[in-house]
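1. below is the structure, and that's it, no one-letter string:
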């Protein structure tokens, strides 16, 4: 680079390449190297995190099954006015017969039946039953043959449901996830006795906030103790905090059952001490109390650890300085020490809150009916009812709620105010 | 030198094992005493007869429906034979996730020549399903907590005055709704007609409301036996085999209340998407495991009734306890005076709807 400085036009390197180009080349190489270094993680996140979430988002609106299984019917139904109060014309029945003949061969008619059964009970068996008969249908006079196979085909509502869900995308799952449904007169809330999801979302929020608050109350003093003890004893205590981590979640939850049930250890002790009567044993499990106690215990380490690591960095000289200037113990703690621990409380609360919002094993085992979360319903729809669309919609709403809370936290406390150590 | 001999030995071993290569077959079931009974009655004799088959037990039946669907979507089905209850089999069949079974060719006839279709009779509730056993959901009660008048009637569950204390009921509408209507004066034959109307659903929930505060809701079959053993509940519903082991094996002060027990089936399905060789192997296993003798053998280990009519006379004594198994079968005439059969078709249609209502009712106190 000896002769570059003298040139007043373009600076070049020794071999005549303009300096700009040369630097850009070197930088590009660096960038590629950096990119290659993060590529494995990036791909991993893309494949194992972003893709499944995108798939879930997609599932919550996807409705391809109906138009792809009943293509002719969907086209034929376009001319039918669903408000007319009459059954669809013969062409629609003919189209459905043709579609069902193909579908029964591929055994997909029952899948459409179970899909539409989410919207109107009875369609599942209607499709199964008609699928067995449709192979023997003769040409012509399809309306009559369908009605003979099952008189439910004379129910206009069945046809309205098929028409309403004949688009490749649907808002039906999201509506169901907020206790609403689409009817011929537009969107409306379901009757009171069928509303459950909004209620459960609310309860999940309230219980999670309660659990987070009790974790702060119980965890703060422990973290304070841990950070102020000499290393030897604080390490010993730390192992006690971490010990539950090494025990299976199910074992811990079952242990709470033994402790909390009405013939359990706690109630037996209270009766023995004469604090409660034998016939008025406390109901500590299979209700919200059980969920709060068991989950606070399980999530407590997630609160203690960030608090501890933040408190560890707070120099004791601040407190001494405050006291030397005449502050009382409480005033020094509240005005000097506590504000410095807020980043730890923030980190711990976010961890505990987000973990508890998605918990379902513990509430299922100790929550009875009043202590279950929205995740229990999501798990139910994934494993038992196979209504993955609804499960996806509920999951999306839960995700959105967490993001809104995260945003609110950022606005109120500031996300850079979160410290894990 | 030593290293070389190890190497030679290792090579030799690899060669031996590749000669005696066995085909793995993954059979999915419920685990616990139930899997043990299948292992003794089916898997062991099958592997003795077919040394080239190695059966691997998987205990995922509780999540079988969701897992099979996920496997099918991923295009990699790793299970060969799956044990599920009938309602799940119907759903799997509807979703195209289970192979259709032809009883004439895929199942063994009875020893007297009766065709498999006739031998199983009405129990072939889905074209994809081969039932093994009839089990029932029924009540057990603590004999020491019911005084001098032990309950003989299902409506004792709703009678908290005569039988105070908590009851364990399953956290789902199926069975509970039927029992509630039955005890609210609805005739047995009219139950599903009544339940098909919104007023009928309200009626059933209103009846359940009368004992709501006294109910512990369970979701896993092992909970009721535990609750009974701990004295947490005075009576509770669960599967009859669980109560059998609680009473006969663990000698707890519990007795059976067979009244209004609900029969259900448990059996095999073969997943779709298997390679032709694996499908043939799975079918061969299923044919063996559901013949008359094998089904009767299973009853030696667990108190569930064989699904074939021809197996009933062959049911003998318990393999370890040495007691006669016939009186402990839900299908025994003495126990089966008042029974329901799970109404598969009706629940397949109405399950989602009623479950929403039931859960909404449960959640709101």
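-> Nice, I can see it. As the structure is a computational prediction, the values presented were derived from the model and not from experiment.
2. can you list the low-confidence ranges for the stretch 301-421 of chain A?
-> Per-residue confidence for the stretch 301-421 of chain A (pLDDT under 70) gives these ranges: A:420-421.
3. please apply the same query to chain A.
-> Ranges of chain A meeting pLDDT under 70: A:1-10, A:420-421.
4. hmm, try it at 50
-> Scanning chain A for pLDDT under 50 picks out the ranges A:1-5, A:7.
5. before we move on, what SS does residue B:330 have?
-> coil (DSSP: H, G, I helix; E, B strand; the rest coil).
6. residues contacting the nearest residue to it once chain neighbours are set aside?
-> Excluding the flanking residues, the one nearest residue B:330 by Cβ to Cβ, 6 or more residues apart in numbering or on different chains is residue B:136, at 3.8 Å. Placement of C-beta: from N, CA and C, glycine included. Residue B:136 makes contact with B:239-240, B:258, B:261-264, B:330, B:339, according to Cβ atoms under 8 Å, 6 or more residues apart in numbering or on different chains.
7. wasn't residue B:136 part of a helix?
-> No. Read with three-state DSSP, residue B:136 is strand and lies in no helix.
8. quickly list what it is bridged to.
-> With DSSP bridges as the criterion, residue B:136 is bridged to residue B:263.
9. let me see the domain layout of the chain.
-> Answering for chain A, as no chain was given. Annotated domains of chain A cover A:1-59, A:65-170, A:197-417 [automatic domain parsing].
10. should've been chain B
-> B:2-134+B:266-328, B:135-264+B:336-363.
11. any idea how far the longest one is from the middle of the chain?
-> Read it as domain B:2-134+B:266-328. Domain B:2-134+B:266-328 sits 14 Å away from the centroid of its parent chain (Cα atoms, centre = their mean, to the nearest Å).
12. what about it, near chain A?
-> Yes. Counting by Cβ under 8 Å from any Cβ of the partner chain, chain A is contacted by domain B:2-134+B:266-328 at B:62-63, B:65-66, B:69, B:91, B:93-96, B:100.
13. biggest separation within those residues, which pair?
-> Greatest spatial distance among the residues of domain B:2-134+B:266-328 next to chain A (Cβ to Cβ): B:62 and B:100, at 24.4 Å.
14. show me which of those two is the more surrounded one.
-> More crowded of residue B:62 and residue B:100, by other Cβ atoms under 10 Å in any protein chain shown: residue B:62, with 17 against 14.
15. contacts only, for that one.
-> A:383, B:30.
16. then residue B:263?
-> Per Cβ under 8 Å, 6+ apart, neighbours of residue B:263: B:134-136, B:330-331, B:339-342.
17. any idea how far chain A is from it?
-> Residue B:263 is 20 Å from chain A, where distance means Cβ to the nearest Cβ, to the nearest Å.
18. look up how far residue B:76 lies from that residue.
-> 36 Å (Cβ to Cβ, to the nearest Å).
19. how about stretch A:198-209: buried residues?
-> Neighbour-count burial for stretch A:198-209, counted by 16 or more other Cβ atoms under 10 Å in any protein chain shown, picks out A:200-201, A:203-205, A:207-208.
20. now tabulate those residues in a markdown table and tack on secondary structure.
-> Formatted as a markdown table, those follow (three-state DSSP):
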| residue | secondary structure |
| --- | --- |
| A:200 | helix |
| A:201 | helix |
| A:203 | helix |
| A:204 | helix |
| A:205 | helix |
| A:207 | helix |
| A:208 | helix |
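21. what's the following helix or strand after the host helix or strand of residue B:177?
-> Assigned by DSSP states H and E, residue B:177 belongs to helix B:176-183. For helix B:176-183, the following helix or strand on the C-terminal side (DSSP H and E) is helix B:191-195.
22. quick check: which of the buried residues of stretch A:198-209 are also close to chain B?
-> A:200, A:203.
23. closest to chain B among the buried residues of stretch A:198-209?
-> For these, the residue nearest chain B by Cβ to the nearest Cβ is residue A:200; the value is 6.5 Å.
24. ok, now which ones touch that closest one?
-> Residues near residue A:200 by Cβ under 8 Å, 6+ apart: A:372-374, A:377, B:363.
25. show me where the stretch 301-421 of chain A has its helices.
-> Shown for the stretch 301-421 of chain A, the helices assigned by DSSP state H, counting those that start in this stretch span residues A:316-324, A:329-332, A:338-357, A:361-366, A:374-383, A:388-412.
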